[in-house]
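Participant: Just need the structure, nothing else, for what follows:
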Amino acid sequence: MMMNEQQRAFWLEPERKPAFFLVADQAPLPTPKLNDIDRRIELSDEEWRRWANELTYDGPFKADLVRCALSLKFLVYSKTGTIAAAATSGLPERIGGDKNYDYRYAWVRDAAYTIKALLRAGALQEPVGAFGWLVRTIAGDGPEPQVVYTLSGGEVPQERMVDVPGYKGSTPVRIGNRARAQTQLSCYGDVLETAALFARSGHVLDPQAARLLENLAEQCVRRWREKDCGIWELQHKQHYTFSKIGCWLALTNAADLAKEGHIGGDANRWLAESRRIRDWIDSHCWSQEKQAYTFYAGSDRLDAALLLTTRFGFEHDGRLKRTRDAIERELAVGPLVYRYRGVDKEEGAFVACSCWLVEAYAFLGEVDRAEAMLKTLLERLGNNFGILNEMVDPATGAGLGNLPQGLSHLALLHAIYSLQENRS
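Facilitator: Numbering: from 1, shown residues only. The predicted structure is shown next:
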């Protein structure tokens, strides 16, 4: 993704060669004058540049951070304020493979992560709109939130196959998403941490949001002992370590919000329950042999999502540092990281996990190592446009999966911020 001087000049002073697509829906096809189209292009260009110039970050890798922020803004659905996971469907995670999913929906997890990323970058309008969508959608969805919604806040359609050849013969091509029926307990942490970030930034939580957050914390207390499908939305339910840490994060933030008067509820009870969750994780999800937290309780496999927990403040007794080292040994190919053991036969390295490894070094006190790793990673991700796929083939450098992938862009944005935040 790192741009050379020629590429930077292209974006700063582009040669204009516009292409026009005119679209109409059950109405006459409009044919505006070319001068009118040109003025609209100028207006759009000026607005995007104004938005980018108002971002507050001023540090290393600024051009790359701005490109990430622009890609995230591109994924905002203006009618509701929600954020699509990606703009495409059916692009394969391995050429010729069958993992060709539809990501044109709004995941609670990705929306929450994107809100946090844009808030850190200094944007406000988009995070406020997206958080409002989260609150309205979850509050109106019954007793327990879903993992994923349509961009309008409705139920995602049942997954079905489309009879088309697929990209480079990669079939089946899927429409809809099976995550609609899954349980993902880490969502509680995603929403409550996002709310806490808003509150710590000086913003006020309205009464509806406060009631929802209190209800979610209570749900978390009742449900954290359940098995779920985990962050990777796998078919077999397990006691996934990352999900339990997400529940710990939810109740820790809920307790802070209650103590500070942002929401109602029993802060002391939530804090005590969060400690109970941490003790359970240490007892059931730590491997003495691996010297690492494992994928799920009773497993000896590793999960790169645990790199993300260094940002949550879960590190104690050096356990996350040792987990990071074990993940790097087993799942990394240079700066690129696979999601979990054995998945390299099915897909490419996951861009977000590669960024989380950078973060793990920064948050655990090795910022120089993190910066060097980020430079190498950006070289591997490089292209002319700064648009990231979901995955990368470590052997060829080819992009895999849907694009622009919101999770990839927000993870890179957070990785860049982690250097600044942890530099002493």
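Participant: helix or strand right after the helix-or-strand element of the chain with minimal mean pLDDT?
Facilitator: None of the helices or strands of the chain scores lower by mean pLDDT, DSSP states H and E than helix 5-12, at a mean of 49. Where DSSP states H and E defines the elements, the next helix or strand beyond helix 5-12 is helix 34-53.
Participant: just the CA coordinates of that following helix, formatted as CSV?
Facilitator: What follows is helix 34-53, C-alpha atoms only, in CSV (Å, rounded to 0.1, in the frame of the first residue of the first chain):
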residue,chain,number,x,y,z
LEU,A,34,-21.3,17.3,-19.9
ASN,A,35,-20.6,20.6,-18.2
ASP,A,36,-23.1,19.7,-15.5
ILE,A,37,-21.5,16.3,-15.0
ASP,A,38,-18.1,18.0,-14.8
ARG,A,39,-19.3,20.4,-12.1
ARG,A,40,-20.7,17.5,-10.0
ILE,A,41,-17.4,15.7,-10.3
GLU,A,42,-15.6,18.8,-9.1
LEU,A,43,-18.0,19.2,-6.2
SER,A,44,-17.5,15.6,-5.2
ASP,A,45,-13.7,15.8,-5.5
GLU,A,46,-13.6,19.0,-3.3
GLU,A,47,-15.8,17.4,-0.6
TRP,A,48,-13.7,14.3,-0.3
ARG,A,49,-10.5,16.4,-0.2
ARG,A,50,-12.1,18.7,2.5
TRP,A,51,-13.0,15.6,4.6
ALA,A,52,-9.6,14.1,4.3
ASN,A,53,-7.9,17.4,5.2
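Participant: Pretty sure Pro157 sits against Arg174.
Facilitator: No - the criterion here is Cβ atoms under 8 Å, and Pro157 misses it with Arg174 at 10.6 Å. Just so you know, the C-beta spots here come from the backbone N, C-alpha and C atoms, and that holds for glycine as well.
Participant: Neighbour count: these two, which is higher?
Facilitator: The neighbour count for Pro157 versus Arg174, taken as other Cβ atoms under 10 Å, is higher for Arg174 (19 against 13).
Participant: Over to that one. Which of the three states is it?
Facilitator: Recorded secondary structure, Arg174: strand (DSSP: H, G, I helix; E, B strand; the rest coil).
Participant: pretty sure it contacts Gln158?
Facilitator: No - Arg174 lies out of contact with Gln158 (Cβ under 8 Å); the separation is 10.6 Å.
Participant: Can you mark which positions in whichever strand or helix holds Phe131 are buried?
Facilitator: Counting by DSSP H and E, the element that carries Phe131 is helix 125-139. Under the neighbour-count criterion of 16 or more other Cβ atoms under 10 Å, helix 125-139 has 126-138 buried.
Participant: can you check stretch 160-180 too?
Facilitator: Gly166, Tyr167, Ser170, Thr171, Val173, Arg174, Ile175, Gly176, Asn177, Arg178, Ala179, Arg180.
Participant: do the same with stretch 261-277
Facilitator: His262, Ile263, Gly265, Asp266, Ala267, Arg269, Trp270, Leu271, Glu273, Ser274, Ile277.
Participant: From the chain's centre, how far out is that stretch? Work that out for me.
Facilitator: Its chain's C-alpha centre and that of stretch 261-277 lie 26 Å apart, by Cα atoms, centre = their mean, to the nearest Å.
Participant: ok, and what's touching it?
Facilitator: 195, 199, 205, 210-211, 213-214, 217-218, 221, 224, 244, 247-248, 251-252, 254-259 (Cβ atoms under 8 Å, 6 or more residues apart in numbering).
Participant: List buried members of these by neighbour count.
Facilitator: 195, 199, 205, 210-211, 213-214, 217-218, 221, 224, 244, 247-248, 251-252, 254-258.
Participant: Return the subset of those lying in helices.
Facilitator: For those, the ones inside helices are 195, 199, 210-211, 213-214, 217-218, 221, 244, 247-248, 251-252, 254-258, with DSSP state H as the criterion.
Participant: Now do the helix holding Phe131 and helix 34-53, the angle between them.
Facilitator: Helix 125-139 and helix 34-53 are oriented at 80 degrees to each other (axes from the mean of the first three to the mean of the last three Cα atoms, to 10 degrees).
Participant: Flag the shaky bits of the stretch 1-150 of the chain, pLDDT-wise.
Facilitator: 1-18, 20 (pLDDT under 70).
Participant: hmm, try it at 90
Facilitator: Across the stretch 1-150 of the chain, the ranges flagged by pLDDT under 90 are 1-41, 120, 122, 124, 140-145.
Participant: which one is Glu421 nearest to, not counting chain neighbours?
Facilitator: Ala362 (7.5 Å; Cβ to Cβ, 6 or more residues apart in numbering).
Participant: ugh, typo on my part, it should be Trp280
Facilitator: Closest to Trp280 by Cβ to Cβ, 6+ apart is Lys244, at 6.7 Å.
Participant: Over to Tyr149?
Facilitator: Ala106 (5.2 Å).
Participant: and Tyr101, what does it touch?
Facilitator: Ser89, Gly90, Glu93, Arg174, Asn177, Asn402.
Participant: again, only using 7 Å
Facilitator: Counting by Cβ atoms under 7 Å, 6 or more residues apart in numbering, Tyr101 makes contact with Arg174, Asn177.
Participant: now the helices for the stretch 51-200 of the chain?
Facilitator: 62-74, 108-121, 125-139, 187-200 (DSSP state H, counting those that start in this stretch).
Participant: any chance of the buried residues of helix 125-139 in a markdown table, with distance to Phe350 too?
Facilitator: Formatted as a markdown table, those follow (distance: Cβ to Cβ, whole Å):
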| residue | distance to Phe350 |
| --- | --- |
| Glu126 | 25 |
| Pro127 | 25 |
| Val128 | 29 |
| Gly129 | 28 |
| Ala130 | 23 |
| Phe131 | 26 |
| Gly132 | 30 |
| Trp133 | 26 |
| Leu134 | 24 |
| Val135 | 29 |
| Arg136 | 31 |
| Thr137 | 27 |
| Ile138 | 27 |
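Participant: Now do the same contact list for the residue nearest to Tyr149.
Facilitator: Ala106 touches Thr82, Ile83, Ala84, Ala85, Val148, Tyr149, Leu151, counting by Cβ under 7 Å, 6+ apart.
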